[in-house]
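**Q** what would the 3D arrangement of this be:
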Amino acid sequence: MKRSPTAGGAYSVIATNVAGLAFTNAGLANGTLYYFTVSATNSASESANCNEVSARPTSATSPQITMASSSGQMTLGWPADHTGWLVQGQTNAPDSGLTTNWVTVPGSDSTNQLTLPADPANGSVFFRLSHP
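**A** The predicted model follows:
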C-alpha cells in the first residue's frame with residue numbers, strides 16, 4: 001500500500017504483504033487529505049498502481065467556531081483539523097425556531113473557513129457544523 005499527500009504524487013510505501021481486506025494507517029493528521037494506491041508484486045515484477053483513492057481523517061470532538069460579520073457578509077471559521085466537517089444551514093421565519101430542514105453548504109467539507117452573504121431581510125438563519 002502506498003500513500004501521498006498530493007494527487008498522483010510521489011507515493012511512500014506504508015505497508016507490504018497486506019493479507020486481508022482491511023488496513024489501518026495510524027498517525028495521520030486530522031483535516032489532511034491523503035491519496036492511496038496499491039500494486040501487486042510477484043517474483044518477476046511489480047504491477048502498475050491501481051486507481052488512486054483519497055481519504056481525509058477528521059476530528060470527532062466538537063470544535064470552537066468563530067464568526068465575524070462585515071459589509072453584509074458573515075465569515076465562519078473552525079480548526080483546520082476539522083476540515084471535512086459540513087456546514088449546514090436553514091432559513092426560517094423569526095418566530096419558527098429550528099426545524100429539520102438543514103441544507104449542506106456546497107464545498108464546506110473542503111475548507112475550515114466559509115464566507116456567506118448575510119441579509120437581515122431573510123429572517124432567522126441558523127448554521128451548524130456537522131461531523132460527516
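
**Q** where does pLDDT dip in the chain?
**A** Counting by pLDDT under 70, the chain contains low-confidence residues at 94, 122-123.

**Q** so who does the spatially most central residue of it touch?
**A** Among the residues of the chain, the smallest C-alpha distance to the mean C-alpha position (C-alpha atoms, centre = their mean) belongs to residue 84, namely 1.6 Å. Applying C-beta atoms under 8 Å, 6 or more residues apart in numbering to residue 84 gives the contacts 30-31, 56-58, 109-110, 132. The C-beta positions use only the backbone N, C-alpha and C, and glycine is treated the same way.

**Q** please repeat the previous calculation with a cut-off of 6 Å.
**A** Applying C-beta atoms under 6 Å, 6 or more residues apart in numbering, one finds that residue 84 lies in contact with 56, 58, 109, 132.

**Q** dump the residue contacts of residue 65.
**A** Contacts were defined as C-beta under 6 Å, 6+ apart; by that measure residue 65 touches 78, 129.
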